[in-house]
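Novice: Coordinates only, no sequence provided:
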RNA sequence: GGCAGCGUAGCUCAGGGGCAGAGCAGUCGGCUCAUAAUCGACGGGUCGGAGGUUCGAAUCCUCCCGCUGCUACCA
């Protein structure tokens, strides 16, 4: 009963290195989900890429006196390194800078324009006569019309949190030169979201398996009513509008364009496979389920505007496009109580961790504190504590004590168990039931719960070892010790599968220590009993314990 | 301002009409295979406050207090 699963991961902006918030909020849950489904034998396509457009990229480029393309290329390479090190198994991690993406965006744009769902209108934008350019909202400063704060930004007042359009500011100033911008009419294309409000609402109302936060936020916006929204801007950085009637300085704005990357990446992947039509299995096959892993600030685009665009495109094309089956949006992971932020340079940067930690240790901590239901906090002290007290003590130590005891006393081979008694059978049944529970939990995107289930099974196996005490039985009841250790090796082999989506590197190592010469993937999602007599490899500890001082050093690095 | 969420043990959090839970930290004990890891026991809470619905409320409703997020351009 194999399934087909499409996984889209939110596209990080190329304005800084990848940080822990992006990983724990999007890439890690997506990867756990993808690995789990592959282990079950399901067909998975997981794509994402670098969003090279957008204001944050041009801001950074201007700050550094470089071109936006240089910035985008640098961070794209950085993303690839970080994702590879963490073991995030993307089928394709591309960028929004490809010709393919531009063509797909143009195709959707033109189809929706033919259909009337993209239309031309004018809007009033602040224009700086000195710099001879239209200004994005955050390039305008002035006095807040709500509270009188004089340093308010054009998109939001930092003093009273009032959000506004830049043209509402009193005494506006251009952030670049201080000149007073003038309101000037500008012609733009708009997306007719309003026409799809009811259709989107009908669809969302049926999604009873969505996280309550995602549903209630989405329905709240839909009940207020979607407004048509401009999808072009007066910019020089971005995908050009595929019509020449507006002049060359208009670009398609990122919020409309970057989500199209999910489709263009699927097409790029198919082309690379030598099967150019293979993307259809994930987009037009009704049996395929699509999941989008995003942060909570991205919910609007994934539950409303992107589904709307897909509905319209599917209509125009005559072939319905698959909408999201689920958008398991995560909350935020703060750093020592403060919001992680690329532009404020405040986060745990993944490329700083490379070669200093074991990626599974980072994956374990991030998953254990994944912000599934509310914001969570990254602290180095907690990282070290959880690593030592949970990952090393419970799971790593179970493996190490069982393997060393067996290796030293049974010729480095899986012992011959004789007949298993009830206690042994019960443990193995509990592990098998546990694999079924974790299957259900990960399937519902309850990643923390699945990890907790696996850890509690490791505890139960530790308890079994203590109660059967093979080290005591060895001198005068060798068959009992053999039975106990054989059972524990079976249990560990089942737990190896349970942990494999979470801790893929150590699971693969353990697979080797247990004497298998295959890949772990060949086990499937089940407990396989290692054959008696199978030659083990000499075991090494799965995870390193961390010195408590590391937490203090890292806290200092963070503060500096 | 609008919308949403949170407030539960010293700490981090789960639970969500039917006897208040887990991990960590603390105390005591067992074991000595294991990275001083592990296994067991114990102590510890007016479930933010006040009302209401109910046979029964941590859970549902109303109000209040405190914190947070989103509000359509930084996951």
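Specialist: Yep, it's here. All figures in this text were calculated on a predicted structure; none of them were measured in a lab. Numbering: from 1, shown residues only, chains lettered A, B, ... in the order given.
Novice: use CA for all of it now, contacts and neighbours both
Specialist: Will do.
Novice: Nearest spatial neighbour of residue A:512, chain-adjacent residues omitted?
Specialist: Of all residues not flanking residue A:512 in the chain, residue A:537 sits nearest, at 6.8 Å (C-alpha to C-alpha, 6 or more residues apart in numbering).
Novice: typed the wrong thing, it's residue A:497
Specialist: residue A:525 (6.4 Å).
Novice: In what element of secondary structure is residue A:433 found?
Specialist: Using DSSP states H and E, residue A:433 sits within helix A:422-443.
Novice: what about stretch A:105-120, distance to the chain center?
Specialist: Here stretch A:105-120 is found 30 Å from its chain centre; the criterion is C-alpha atoms, centre = their mean, to the nearest Å.
Novice: tell me the average confidence for it?
Specialist: Averaging pLDDT along stretch A:105-120 gives 94.
Novice: Against RNA strand B, how distant is the nearest residue to residue A:548 once chain neighbours are set aside?
Specialist: Distances taken as C-alpha to C-alpha, 6+ apart place residue A:384 nearest to residue A:548, at 6.5 Å, with adjacent residues excluded. Going from residue A:384 to RNA strand B by C-alpha to the nearest atom of the strand, to the nearest Å gives 10 Å.
Novice: which ones are touching residue A:384?
Specialist: A:546, A:547, A:548, A:550, A:551 (C-alpha atoms under 8 Å, 6 or more residues apart in numbering).
Novice: May I ask which of those has the most neighbours?
Specialist: Highest neighbour count within those, by other C-alpha atoms under 10 Å: residue A:551, with 18 neighbours.
Novice: Using the three-state scheme, assign that one.
Specialist: Under DSSP: H, G, I helix; E, B strand; the rest coil, residue A:551 falls in the helix class.
Novice: OK, contacts around it?
Specialist: Counting by C-alpha under 8 Å, 6+ apart, residue A:551 touches A:380, A:381, A:383, A:384.
Novice: Quick check, residue A:2 in contact with residue A:43.
Specialist: Yes: using C-alpha atoms under 8 Å, residue A:2 is in contact with residue A:43, at 7.1 Å.
Novice: And those two? Which one has more around it.
Specialist: The neighbour comparison of residue A:2 against residue A:43 (other C-alpha under 10 Å) goes to residue A:43, with 17 against 10.
Novice: Pairing partners for the more buried one in the sheet, please.
Specialist: residue A:4 (DSSP bridges).
Novice: before we move on, the earlier item: distance-wise, check the residue nearest to residue A:497 relative to RNA strand B.
Specialist: 24 Å.
Novice: and that residue, what does it touch?
Specialist: Residues near residue A:525 by C-alpha under 8 Å, 6+ apart: A:39, A:40, A:435, A:497, A:498.
Novice: Return the subset of those lying in helices.
Specialist: Using DSSP state H, the subset of the contacts of residue A:525 located in helices is A:39, A:40, A:435, A:497, A:498.
Novice: any chance of the residues you listed in CSV, plus neighbour count and distance to RNA strand B?
Specialist: Output for the ones in helices among the contacts of residue A:525, formatted as CSV (neighbours: other C-alpha atoms under 10 Å; distance: C-alpha to the nearest atom of the strand, whole Å):
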residue, neighbour count, distance to RNA strand B
A:39, 21, 24
A:40, 19, 25
A:435, 24, 19
A:497, 27, 18
A:498, 31, 17
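Novice: Need the residues you listed in JSON lines (columns: pLDDT).
Specialist: Shown next, in JSON lines, are these (pLDDT from 0 to 100):
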{"residue": "A:39", "pLDDT": "97"}
{"residue": "A:40", "pLDDT": "96"}
{"residue": "A:435", "pLDDT": "94"}
{"residue": "A:497", "pLDDT": "97"}
{"residue": "A:498", "pLDDT": "96"}
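Novice: so which of these would you say is closest to residue A:411?
Specialist: Closest approach between the ones in helices among the contacts of residue A:525 and residue A:411, by C-alpha to C-alpha: residue A:497, at 25.5 Å.
Novice: which of the contacts of residue A:551 lies closest to residue A:123?
Specialist: For the contacts of residue A:551, the nearest to residue A:123 is residue A:380 (48.1 Å; C-alpha to C-alpha).
Novice: From the structure, what's the count of residues near that closest one?
Specialist: Residues lying near residue A:380 (other C-alpha under 10 Å) number 21.
Novice: pLDDT at it, what is it?
Specialist: At residue A:380, pLDDT is 88.
Novice: Does it touch residue A:555 like I think?
Specialist: Yes: counting by C-alpha under 8 Å, residue A:380 does reach residue A:555; the two are 6.6 Å apart.
Novice: quick check, the helix or strand of chain A with the lowest mean pLDDT touching RNA strand B?
Specialist: Sorting the helices and strands of chain A by mean pLDDT, DSSP states H and E puts strand A:152-153 at the bottom, at a mean of 71. No: judged by C-alpha under 7 Å from any atom of the strand, strand A:152-153 and RNA strand B are separated, with a smallest distance of 10.9 Å.
Novice: What strands line up against that strand, and which way round?
Specialist: Strand A:152-153 pairs in its sheet with strand A:140-143 (antiparallel), by DSSP bridges.
Novice: Next, give phi and psi for residue A:182.
Specialist: phi -110, psi 140 (degrees, to the nearest 10).
Novice: how many neighbours does it have?
Specialist: Neighbourhood size, residue A:182 [other C-alpha under 10 Å]: 17.
Novice: For the stretch 301-450 of chain A, which residues are neighbours of RNA strand B?
Specialist: A:331-334, A:339-344, A:373-377, A:385, A:389-390, A:392-394, A:396-398, A:400-402, A:404-405.
Novice: how close does residue A:368 sit to residue A:291?
Specialist: 21 Å (C-alpha to C-alpha, to the nearest Å).
Novice: Give me the more crowded residue out of these two.
Specialist: Neighbour totals were compared for residue A:368 and residue A:291, and residue A:291 leads with 22 against 19 (other C-alpha under 10 Å).
Novice: Contacts only, for the more buried one.
Specialist: A:5, A:6, A:7, A:8, A:324, A:325, A:326, A:327, A:328 are the contacts of residue A:291 under C-alpha under 8 Å, 6+ apart.
Novice: On the three-state scheme, it is what?
Specialist: The local conformation at residue A:291, judged by three-state DSSP, is strand.
Novice: so how many other residues sit close to residue A:457?
Specialist: Neighbour count of residue A:457, defined by other C-alpha under 10 Å: 24.
Novice: Isn't it up against residue A:435?
Specialist: No: contact criterion C-alpha under 8 Å: residue A:457 and residue A:435 do not qualify, at 9.6 Å.
Novice: Which neighbours do the two have in common?
Specialist: residue A:495.
Novice: circling back: the residues of the stretch 301-450 of chain A next to RNA strand B in helices, which ones?
Specialist: Those of these mapping onto helices are A:385, A:397, A:398, A:400, A:401, A:402, A:404, A:405, per DSSP H.
Novice: Considering the residues you listed, which member attains the minimum pLDDT?
Specialist: Least confident of those in the model: residue A:385, at 89.
Novice: roughly how far apart are residue A:528 and residue A:489?
Specialist: Residue A:528 is 10 Å from residue A:489, by C-alpha to C-alpha.
Novice: more neighbours, these two?
Specialist: residue A:489 (22 against 15).
Novice: Report the secondary structure state of the more buried one.
Specialist: Three-state call for residue A:489 (three-state DSSP): helix.
Novice: rewinding a little: for the helix holding residue A:433, which positions count as buried?
Specialist: Going by neighbour count (16 or more other C-alpha atoms under 10 Å), the buried part of helix A:422-443 is A:424, A:427-428, A:430-432, A:434-435, A:437-439, A:441-442.
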